[in-house]
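Undergrad: Okay, structure incoming, though there's no sequence with it:
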């Protein structure tokens with residue numbers, strides 16, 4: 001996990017302290033709301049207040065999320081010890097105790113080790129001293145009531161530790177068998193059910209809940225792993241959990257393990273889900289929504305805390321809109337402005353597509369975080385993409401709209417809120433398509449340079465294959481590539497905006513604007529021919545009542561599609577890019593997990 005340093009976009013931020021890093025790593029572990037949480041030394045390096053706060057938070061997760069939280073401690077203070085429901089005490093790899101925290105003292109006293117608070121201090125200190133190497137079981141320090149020798153060490157010798165672990169397993173097995181024969185409630189006994197079997201059963205049950213949450217379809221159960229029982233419940237055998245690390249020569253330990261191996265843990269099916277284990281259950285949807293909400297907050301922080309990500313790009317869009325707006329400022333309403341209006345539309349859409357390439361470093365760095373997080377199993381690709389879209393789409397729309405409204409307003413394009421919104425919607429859709437293509441390339445390419453090259457190729461094709469000032473019916477590409485214009489989002493958006501700008505409009509051409517209205521530069525006309533000069537004069541002086549039809553221009557330069565058809569075409573294009581992004585994200589996540 002990288003905290004601090006250089007952010008995507010080039011902004012350097014101060015790193016976190018050791019305690020902040022520790023708490024941040026814990027937050028990364030719990031953000032996906034796991035059913036089983038294993039933490040190795042989570043309190044190392046924390047002060048007493050921070051350590052207690054972390055333990056209280058972990059306990060709240062266990063109580064509210066019904067999760068199994070297991071972590072290692074080396075020297076817990078009394079306040080932390082009081083927060084734990086169950087504790088396992090290890091010595092030289094042997095389990096000396098596992099059960100309720102309050103039952104630890106009675107358990108060791110039953111083995112002949114008495115506890116005197118005035119002599120031994122706090123319970124956790126006494127327990128650690130009891131199993132630590134070099135501790136002497138002397139009569140003064142720890143009187144023995146059952147006649148054991150006082151010279152034995154209470155701790156780290158292999159034979160002694162193994163012997164106590166064996167006695168522990170044997171006594172728990174005998175006690176459990178007595179409870180089974182008596183038919184009594186094992187939770188009401190002094191230590192019964194709280195020392196070995198129940199913790200394993202709880203862990204197995206939590207694992208099954210986790211398994212049900214992870215499976216997206218019906219669970220295919222196989223013998224010896226998971227089988228469905230009557231009433232929609234599931235059972236699991238624990239034998240494979242107890243014999244993975246080698247065999248023991250002690251008969252009591254083996255017998256206890258055999259007894260636990262045959263134990264089955266039952267778990268009712270998820271409410272409302274029947275015997276299915278799909279993630280669309282109520283619990284699965286709730287967990288997915290919480291992960292989505294956490295990702296949403298993270299994406300919002302990434303988007304807003306980096307000035308180059310939002311403010312910088314917003315300044316670029318505003319600046320470019322002002323520059324081009326000054327170039328085309330108040331072009332007027334004559335027929336000579338028809339080709340200029342078409343050029344304004346071209347500049348608007350082409351710039352929106354080109355400027356997306358500056359976002360490539362941001363997308364590529366974010367892809368690295370996505371691979372790292374999915375490898376750790378923090379969330380699903382769909383949750384990540386939805387959170388990113390929820391945050392990125394509004395910012396993208398705002399930036400595209402700022403450029404469009406500034407440019408079209410200063411240039412004097414078609415007035416009216418409806419026309420401005422229609423043309424803006426098409427331009428912004430083209431921008432969203434380009435942004436999504438950037439993300440596809442960032443996720444699919446093996447390097448940032450390759451991703452940038454692919455994006456440049458896509459932009460070049462989009463710009464160069466659309467007709468622009470060519471008559472649409474006469475526009476062809478060599479080598480049979482004319483069909484590429486149908487894949488150009490720029491072409492679709494340009495045609496739609498030109499249609500909105502010129503359709504059902506009429507322009508005055510009575511004041512010497514005939515040649516310009518035809519899109520012909522007067523300087524290009526030959527002057528040597530008398531006939532051509534006369535034609536030019538006639539066109540430039542068409543007289544009063546000359547009207548140029550915008551519908552005629554639309555029919556010559558576009559496919560004359562209605563606005564709804566063009567909008568649907570661009571929306572479908574965008575939907576295809578979203579599907580491709582999701583498929584690549586799923587493939588990326590599976591590859592990272594493997």
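TA: Looks like it arrived, so ask away. These figures come from a predicted structure and were not determined experimentally.
Undergrad: Tell me which stretches of this protein form strands.
TA: 5-6, 12-13, 36-39, 68-71, 86-91, 94-100, 227-228, 234-237, 264-267, 506-508, 547-549 (DSSP state E).
Undergrad: what angle separates the longest one from strand 86-91?
TA: Put simply, strand 94-100 runs at 170 degrees to strand 86-91, going by axes from the mean of the first three to the mean of the last three Cα atoms, to 10 degrees.
Undergrad: Report the separation between the closest residue to residue 108 other than its chain neighbours and residue 96.
TA: Using Cβ to Cβ, 6 or more residues apart in numbering and skipping the chain neighbours, the partner closest in space to residue 108 is residue 130 (6.6 Å). Just so you know, the C-beta spots here come from the backbone N, C-alpha and C atoms, and that holds for glycine as well. Taking Cβ to Cβ, to the nearest Å as the measure, residue 130 and residue 96 are separated by 8 Å.
Undergrad: Any idea how many residues pack against the residue nearest to residue 381 when sequence neighbours are not counted?
TA: Closest residue to residue 381 apart from its sequence neighbours, by Cβ to Cβ, 6+ apart: residue 585 at 3.8 Å. Close neighbours of residue 585, defined as other Cβ atoms under 10 Å, add up to 24.
Undergrad: Which residues are in contact with residue 585?
TA: If a contact means Cβ atoms under 8 Å, 6 or more residues apart in numbering, then residue 585 has 370, 381, 384, 385, 443 as its contacts.
Undergrad: Residue 292: which of the residues you listed is nearest?
TA: For the contacts of residue 585, the closest approach to residue 292 (Cβ to Cβ) belongs to residue 384, at 8.7 Å.
Undergrad: wait, that closest one sits on residue 298?
TA: No. With contact defined as Cβ atoms under 8 Å, residue 384 does not count as touching residue 298 (9.7 Å).
Undergrad: more crowded one of the two?
TA: Neighbour totals were compared for residue 384 and residue 298, and residue 384 leads with 24 against 17 (other Cβ under 10 Å).
Undergrad: quick one: contacts for that one?
TA: Contacts of residue 384 by Cβ under 8 Å, 6+ apart are 295, 370, 373, 374, 585.
Undergrad: which residues of this structure score low on pLDDT?
TA: Per-residue confidence for the chain (pLDDT under 70) gives these ranges: 1-15, 92, 132-283, 306-309, 511-545.
Undergrad: again, only using 50
TA: 1, 133-162, 165, 168-169, 184-200, 214-278, 514, 517, 521 (pLDDT under 50).
Undergrad: Quick check: residue 457 vs residue 94, distance?
TA: 64 Å.
Undergrad: More neighbours: which of the two?
TA: Neighbours were counted for residue 457 and for residue 94 using other Cβ under 10 Å; residue 94 has more, 18 against 11.
Undergrad: That one pairs with what?
TA: For residue 94, the beta-bridge partners are residue 91 (DSSP bridges).
Undergrad: Roughly how far does it sit from residue 131?
TA: Residue 94 is 9 Å from residue 131, by Cβ to Cβ.
Undergrad: cool, and residue 444?
TA: Noted for residue 444: a distance of 54 Å to residue 131, by Cβ to Cβ.
Undergrad: what about those two, which has more around it?
TA: Shown here are residue 444 and residue 131; by other Cβ under 10 Å, residue 131 has more neighbours (21 against 18).
Undergrad: Please look at that one and residue 89 and confirm they touch.
TA: Yes. With contact defined as Cβ under 8 Å, residue 131 counts as touching residue 89 (6.1 Å).
Undergrad: Now for those two: what residues contact both?
TA: Common neighbours of residue 131 and residue 89 (Cβ under 8 Å, 6+ apart) are residue 96.
Undergrad: isn't residue 407 right next to residue 343, touching?
TA: No. With contact defined as Cβ under 8 Å, residue 407 and residue 343 do not form a contacting pair (11.4 Å).
Undergrad: The two: which has the busier surroundings?
TA: residue 407 (26 against 18).
Undergrad: Provide a list of residues in contact with the more buried one.
TA: Residues in contact with residue 407, defined by Cβ under 8 Å, 6+ apart, are 321, 324, 325, 328, 344, 347, 348.
Undergrad: can you check residue 381 too?
TA: Residue 381 is in contact with 370, 374, 582, 585, 586, 588, 589, counting by Cβ under 8 Å, 6+ apart.
Undergrad: Repeat the analysis, applying 6 Å as the threshold.
TA: Residue 381 makes contact with 585, 586, 589, according to Cβ atoms under 6 Å, 6 or more residues apart in numbering.
Undergrad: What is the nearest of those residues to residue 82?
TA: Of all these, residue 589 has the smallest distance to residue 82: 41.1 Å, by Cβ to Cβ.
Undergrad: gap between the spatially closest residue to residue 499 that is not a sequence neighbour and residue 100?
TA: Counting by Cβ to Cβ, 6+ apart, residue 499 lies nearest to residue 554, which is 5.4 Å off, once chain neighbours are set aside. Counting by Cβ to Cβ, the separation of residue 554 from residue 100 is 81 Å.
Undergrad: was I right about residue 364 contacting residue 449?
TA: No. Look at residue 364 against residue 449 with Cβ atoms under 6 Å: they stay out of range, at 9.8 Å.
Undergrad: If you count surrounding residues, which of the two has more?
TA: A count of neighbours by other Cβ under 10 Å puts residue 364 above the other of residue 364 and residue 449, at 21 against 11.
Undergrad: what comes up buried for stretch 48-68?
TA: 51, 52, 54, 55, 58, 61, 62, 65, 67, 68 (16 or more other Cβ atoms under 10 Å).
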